[in-house]
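Novice: sequence plus predicted model, see below.
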Amino acid sequence: VISTGGISVPRGTLNLIEAFKDLKEYKLLIVGKGSTDDYNSAMELISKEQIENVVILDRVSLSELRYLINNSQIGVIEYHMNDLNNINCSSGKIYEYIAEGLPVVTTTNAPLVRLTKENKIGVSSNDFKEAILSVFENYSTYKENALKFAKKVSPEKNNKELAEAIIKAYNEKKWYGPKKRVFEKLF
């Protein structure tokens with residue numbers, strides 16, 4: 001199991017680490033140490049609870065990151081719900097994992113719940129232990145769905161649709177952004 005978001009106490013990384021106390025047959029790889037305080041908190045938890053199946057790496061290159069994702073079975077995305085940005089985020093991490101065919105476990109942020117449910121690519125839950133066990137229990141289905149979803153995701157198509165929506169909103173006078181002459185320069 002891999003988490004590439006680094007250690008972030010506010011986002012729930014300690015809860016993820018703690019889940020592996022009971023998931024002894026699995027390993028967790030966290031890429032990114034986070035702040036010194038968050039890293040120290042994680043190491044203290046690992047030591048106190050004698051959790052031996054968690055590995056924390058510092059930042060790695062993109063090619064190394066892709067290698068690590070390709071050699072994992074589940075990608076984890078954790079976000080807190082303490083501000084609008086995190087409540088409404090649709091993390092790019094989900095697409096990094098899906099691009100490599102990994103099923104996901106995510107927290108219950110609305111866009112992540114929607115993506116996992118609509119596409120059946122993983123489980124959204126704040127109970128990491130149960131979510132990870134659920135994905136492994138139905139692994140072949142989630143893996144197959146992740147691979148199918150990866151084939152239909154197109155950044156170019158998404159960018160085109162987004163640009164069209166912006167133009168439509170602007171034409172309908174729902175645009176509250178820069179003045180028209182600045183806006184037109186963008187396109």
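Specialist: Noted; the coordinates are in hand.
Novice: list the buried ones in the lengthiest helix in the chain?
Specialist: The residue-count maximum for a helix in the chain (DSSP state H) belongs to helix 155-171. For helix 155-171, burial by neighbour count (16 or more other C-beta atoms under 10 Å) applies to 166, 170. Using the backbone N, CA and C atoms, a C-beta is placed for each residue, glycine as well.
Novice: quick check: residue 126 touching residue 12?
Specialist: Yes. Taking contacts as C-beta atoms under 8 Å, residue 126 lies within contact range of residue 12: 7.4 Å.
Novice: name the residues contacting each of those two.
Specialist: The contact sets of residue 126 and residue 12 overlap at residue 107 (C-beta atoms under 8 Å, 6 or more residues apart in numbering).
Novice: who has more neighbours out of these two?
Specialist: For residue 126 versus residue 12, neighbours defined as other C-beta atoms under 10 Å are more numerous around residue 12 (19 against 14).
Novice: pLDDT score for that one?
Specialist: For residue 12, the model assigns a pLDDT of 90.
Novice: who's in contact with it?
Specialist: Shown here is residue 12, whose contacts under the criterion C-beta under 8 Å, 6+ apart are 78, 79, 80, 107, 126.
Novice: least confident pick among those?
Specialist: residue 80 (70).
Novice: SS state for that residue?
Specialist: Of the three states, residue 80 takes coil under DSSP: H, G, I helix; E, B strand; the rest coil.
Novice: ok, now how distant is it from residue 47?
Specialist: 24 Å (C-beta to C-beta, to the nearest Å).
Novice: when these two are compared, which one has more neighbours?
Specialist: For residue 80 versus residue 47, the count of surrounding residues by other C-beta under 10 Å is larger for residue 80: 14 against 9.
Novice: columns distance to residue 58 on top of the contacts of residue 12, output as TSV?
Specialist: Formatted as TSV, those follow (distance: C-beta to C-beta, whole Å):
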residue	distance to residue 58
78	19
79	22
80	23
107	24
126	27
